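Visitor: Everything below, folded, please.
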Amino acid sequence: MATETLKFKIELYASYWDKKPTCKIILNQNEKWANELAGSKQKPDLIEFEHTFTEGEKYQLVIKREGKDNSQTILNDKGDITHDQLVHIKSIEIDDIDLGGLVYEGVYKPEYPEPWYSQQKINGNSPPSEFKNSLHMGHNGTWTLTFESPFYMWLLENLY
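Guide: Next comes the predicted model:
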């Protein structure tokens, strides 16, 4: 089977007040990067790596957001968030092509903390199990973009 090697450039940044969030970047169960995020919107952390793909196969690029506990979200008396810890995806390039709007095809699946999640359910609220069109991760969880090799064919099929 034919293969292709692609270069990835992923820009992530964090919003935090106390502890830096941690992330992992995983490509089909292969951990490519793991670290704390300290970059800002103006100067994001740049993660670069290469991977060889087998044509005809599906792949998942996963950004796993970790390290947030309940102490990282502070509410005022009205219940408004005054301090929080978030991870933001600024851009993703594959083989020097900025995915642009295609990053919104990624699916964010939050892992809701307790006791917050149980309280929401008791109050009749059912937080969504996943979000599309989101480049911001407030809760621990995964953001996943599924694509196929050959990459350029997938790109052409999904641009419009």
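
Visitor: The residue nearest to residue 130 when sequence neighbours are not counted: what's it in contact with?
Guide: Sequence neighbours aside, residue 109 is the residue nearest to residue 130 in space, at 4.7 Å (criterion: CB to CB, 6 or more residues apart in numbering). C-beta: built from backbone N, CA, C; applies to glycine. By CB atoms under 8 Å, 6 or more residues apart in numbering, the contact set of residue 109 is 129-131, 141-144.

Visitor: PyMOL command for the buried members of those?
Guide: Of the contacts of residue 109, the buried ones go into a single PyMOL selection, burial set by 16 or more other CB atoms under 10 Å:
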select buried, resi 131+141+142+143+144
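
Visitor: Secondary structure added to the contacts of residue 109, as CSV?
Guide: Below are those laid out as CSV (DSSP: H, G, I helix; E, B strand; the rest coil):
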residue, secondary structure
129, coil
130, coil
131, strand
141, strand
142, strand
143, strand
144, strand
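
Visitor: ok, and for stretch 106-119, which residues are buried?
Guide: Quick answer for stretch 106-119 (16+ other CB under 10 Å): 106-108, 110, 117.

Visitor: Quick one: list the elements packing against the longest strand anywhere in the chain.
Guide: For the chain, the strand reaching the highest residue count under DSSP state E is reported as strand 3-15. Judged by 3 or more CB pairs under 8 Å, 6 or more residues apart in numbering; DSSP states H and E, the packing partners of strand 3-15 are strand 45-54, strand 58-66, strand 86-94.
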